[in-house]
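*Asks:* need coordinates for the below:
(2 chains)
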Amino acid sequence: MADVKKIATRESYGNALVEVGKENPNVIVLDADLANATKTNIFQKEFPDRHIDCGIAECNMTGIAAGLATCGKIPFISSFAMFAAGRNYEQIRNSIGYPHLNVKIGATHAGITVGEDGASHQCLEDIALMRAIPGMTVIVPADDTEAKAAVHAAVDYEGPVFLRFGRAGVPVINDPATYKFEMGKGVLLREGKDVTIVATGITVSASLEAAEALAAEGIDAEVINIHTIKPLDEDIIVKSASKTGVVITAEEHSVIGGLGSAVCDCICAKHPVPVYKIGINDQFGESGSAGALVAKYGLDAAGIAKSVKGFLKK
Amino acid sequence: MNKLELQKKANDVRKGIVTAVHGAGAGHPGGSLSAADIYTYLYFEEMNIDPKDPKKKDRDRFVLSKGHTAPGLYSVLANRGYFPVEDLPTLRHLGSYLQGHPCMQETPGVDMSSGSLGQGISAAVGMALAAKLDNASYRTYTLLGDGEIEEGQVWEAAMFAGAKKLDNLVVIVDNNGLQIDGPIEQVNNPYPIDKKFEAFNFHVININGNDFDEIDAAFKEARKTKGCPTAIIAKTLKGKGVSFMEGAVGWHGKAPNDEEYAIAMADLEKIGAELGGE
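*Replies:* I've put the predicted structure just below:
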């Protein structure tokens, strides 16, 4: 996929905020001294009065967003996933989740592709934290097209939404002219009969590439993009599992509590077949380039293909 | 309302607090009673609200940041006509709309869910900010405990409110001097409270929070204060009005038994009689 255009989904976030900002005057964007990194500075240039920099105080930013939402605003709070979901967990749980307020959480720099900053900034637990909150919608877009569509969908939906974006560029695999995003609906990207690969975020394009490599070795993989981890599209997963008989999940997140766990919850109850998880195996990340890290942790196409083959031999 | 009317109303609010906590068999009477005069002043004198239209768009907002003193908020809301006073004893019962801590989806008149200390003030700041963004005239009030201000988020919120010059925001600190583990200066001394808020660019007013003349003057002064938020540091007596609860740290989070309830209500009846109540 070397010739495919790559765009970081944090960039998509910033650009989409301008689009929804133009459509809806109630959209307010809050940041915590990271506007240049989260790309909310794109919104800030267009709508300086509706961009609130709260300084380095994420917990207060979260509470301010809650207060704004009670007054009819649609606030987007923005920070690195580590702080947006981690530091803020209880503020999100009690000030946004419990009263089910219409706040959107734009969590950028998620996962190990934060890269050189290292483990302190590489959030691998945010999906687990957020999906445990009742009523929280959790979305992990796979590319620029999907990320922008997700921001629009979040504005159209009344209630809290967690949006997970990345720092590093990812291939644009969806055509913006034809792509239709539906919150809570998985996307069947490649049909196959031997194994189901369920991916989210950056592992979606990597899984598609892995499927091609596996096909060359006689393994016909089905690839499903689960952009909405909560609520989970159980039907598409069960349907595929009943066809292939084995499910492998792939995510840039801890194998504890993320997409893999959500899929296991579903498969255990509705159509028990073996499920194997590709992700970060209960450990912290480290410094390195995004590319080197996804390779080391087996989240690139080669790593996913290798893991799939390994699991199928079991 | 004149001072005597407010005093009588505050006494009714105190009866409601004791009744609610007794009915619940649990809850936080001490800090509800200490702040009863402030609750009463806010809901019967200061705030632009309508119990028949609790979500009125241009209403003034109140966030109970010290959410554990929900019995005080519920009692004042009931006495103000948001819901029947007779429902107060359902506090904390299964299925009741009077949850242990304020829940905006359950209880008419509650503008923000709260209870996790330090978070309410941030929501209040957000409401004040919304009014500024919309050029709206409503004001936002938030009540904090003096133990609560040990939470770091309070100072994040205070810094932001001061920096953004939110003069439509009034922060009230119920300085009753006691938290669960003991006197505040012994647990983790937050004093001087006034100087801290001054340093965060607030206009600060120190008052006796159980004296309606001083309460009235402070809120009038806050209304006139432009260009910065106001903090009212209200020195109060924890458990005020109930003889055996006054100044007693043990009554922070404990319900009276039947015998104690009778004594408490007799105390409050006596105060009511002295005020010339019916």
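
*Asks:* in space, what's closest to residue 15 - neighbours in sequence excluded?
*Replies:* In the absence of a named chain, this looks at chain A. Excluding its sequence neighbours, the residue lying closest to residue A:15 (C-beta to C-beta, 6 or more residues apart in numbering or on different chains) is residue A:42, at 5.9 Å. C-beta: built from backbone N, CA, C; applies to glycine.

*Asks:* not what I meant, chain B
*Replies:* residue B:268 (5.0 Å).

*Asks:* on the three-state scheme, the residue nearest to residue A:15 is what?
*Replies:* helix (DSSP: H, G, I helix; E, B strand; the rest coil).

*Asks:* ok, now how distant is it from residue A:112?
*Replies:* Applying C-beta to C-beta, to the nearest Å, one obtains 25 Å for the distance of residue A:42 from residue A:112.

*Asks:* and if you look at residue A:17?
*Replies:* The gap separating residue A:17 from residue A:112 is 25 Å, by C-beta to C-beta.

*Asks:* residue A:42 and residue A:112: who's more crowded?
*Replies:* residue A:112 (29 against 21; other C-beta atoms under 10 Å in any protein chain shown).

*Asks:* was I right about the more buried one contacting residue A:293?
*Replies:* Yes. Residue A:112 is within contact range of residue A:293, at 4.6 Å (criterion: C-beta atoms under 8 Å).

*Asks:* name the residues contacting each of the two.
*Replies:* residue A:285 (C-beta atoms under 8 Å, 6 or more residues apart in numbering or on different chains).

*Asks:* contacting residues for residue A:183?
*Replies:* A:137, A:139, A:150, A:153, A:157, A:228 are the contacts of residue A:183 under C-beta under 8 Å, 6+ apart.

*Asks:* if you look at those residues, which of them are in helices?
*Replies:* A:150, A:153 (DSSP state H).

*Asks:* which among the contacts of residue A:183 end up buried?
*Replies:* Listed as buried from these are A:137, A:139, A:150, A:153, A:228; burial here means 16 or more other C-beta atoms under 10 Å in any protein chain shown.

*Asks:* I'd like those as a markdown table, with distance to chain B and pLDDT appended.
*Replies:* Compiled in a markdown table, the buried ones among the contacts of residue A:183 are given as follows (distance: C-beta to the nearest C-beta, whole Å; pLDDT from 0 to 100):
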| residue | distance to chain B | pLDDT |
| --- | --- | --- |
| A:137 | 18 | 98 |
| A:139 | 23 | 98 |
| A:150 | 24 | 98 |
| A:153 | 24 | 98 |
| A:228 | 24 | 98 |
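
*Asks:* quick one: low-confidence parts of chain A?
*Replies:* A:1-3 (pLDDT under 70).

*Asks:* ok, now with 90
*Replies:* Per-residue confidence for chain A (pLDDT under 90) gives these ranges: A:1-4, A:314.

*Asks:* for chain B, what are the nearby residues on it?
*Replies:* A:28, A:49-50, A:52, A:54-55, A:57, A:59-60, A:62-73, A:75, A:90-91, A:94-95, A:98-100 (C-beta under 8 Å from any C-beta of the partner chain).

*Asks:* mind giving me the ChimeraX command for buried ones among those residues?
*Replies:* In ChimeraX syntax, the buried subset of these is picked out as below (16+ other C-beta under 10 Å):
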select /A:28,50,52,54,57,59,60,62,63,64,65,66,67,68,69,70,71,73,75,90,91,94,95,98,99,100
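
*Asks:* just the residues of chain A next to chain B: which are in strands?
*Replies:* Taking DSSP state E as the definition of strands, the residues of chain A next to chain B contribute A:28, A:52, A:75.

*Asks:* for those, which one is nearest residue A:192?
*Replies:* residue A:75 (41.7 Å; C-beta to C-beta).

*Asks:* show me what contacts the nearest residue to the closest one once chain neighbours are set aside?
*Replies:* Here the nearest residue to residue A:75 in space, its sequence neighbours aside, is residue A:65; by C-beta to C-beta, 6+ apart that works out to 3.9 Å. Contacts of residue A:65 were listed using C-beta under 8 Å, 6+ apart, and they are A:30, A:75, A:77, A:96, A:101, A:103, B:126.

*Asks:* how close does residue A:65 get to residue A:203?
*Replies:* Using C-beta to C-beta, we find residue A:65 at a distance of 30 Å from residue A:203.

*Asks:* and what of residue A:135?
*Replies:* 26 Å.

*Asks:* more neighbours: which of these two?
*Replies:* residue A:203 (32 against 13).

*Asks:* which strand or helix spans residue A:189?
*Replies:* strand A:187-190 (DSSP states H and E).

*Asks:* now the strands for the chain?
*Replies:* Let's take chain A. A:6-8, A:27-31, A:51-53, A:74-80, A:104-108, A:137-139, A:161-164, A:169-171, A:187-190, A:195-199, A:221-225, A:228-230, A:247-254, A:275-280.

*Asks:* wait, chain B
*Replies:* Along chain B, counting by DSSP E, strands occupy B:61-64, B:140-145, B:169-175, B:178-179, B:182-183, B:203-208, B:230-235.

*Asks:* got these as a markdown table, with distance to residue A:128 and mean neighbour count columns?
*Replies:* Shown next, in a markdown table, are the strands of chain B (distance: least, C-beta to C-beta, whole Å; neighbours: other C-beta atoms under 10 Å in any protein chain shown):
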| stretch | distance to residue A:128 | mean neighbour count |
| --- | --- | --- |
| strand B:61-64 | 30 | 29 |
| strand B:140-145 | 32 | 28 |
| strand B:169-175 | 35 | 29 |
| strand B:178-179 | 33 | 24 |
| strand B:182-183 | 38 | 13 |
| strand B:203-208 | 43 | 19 |
| strand B:230-235 | 39 | 25 |
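
*Asks:* now do the buried residues in the longest helix seen in chain B.
*Replies:* Secondary structure of chain B per DSSP H: the longest helix is helix B:3-24. Buried residues in helix B:3-24, counted by 16+ other C-beta under 10 Å: B:6-24.

*Asks:* chain center to that helix: distance?
*Replies:* 13 Å (C-alpha atoms, centre = their mean, to the nearest Å).

*Asks:* what ranges in chain B fall below the confidence cut-off?
*Replies:* Residues of chain B that meet the cut-off, pLDDT under 90, sit at B:276-278.

*Asks:* per-domain residue ranges of chain A.
*Replies:* A:6-171, A:187-308 (automatic domain parsing).
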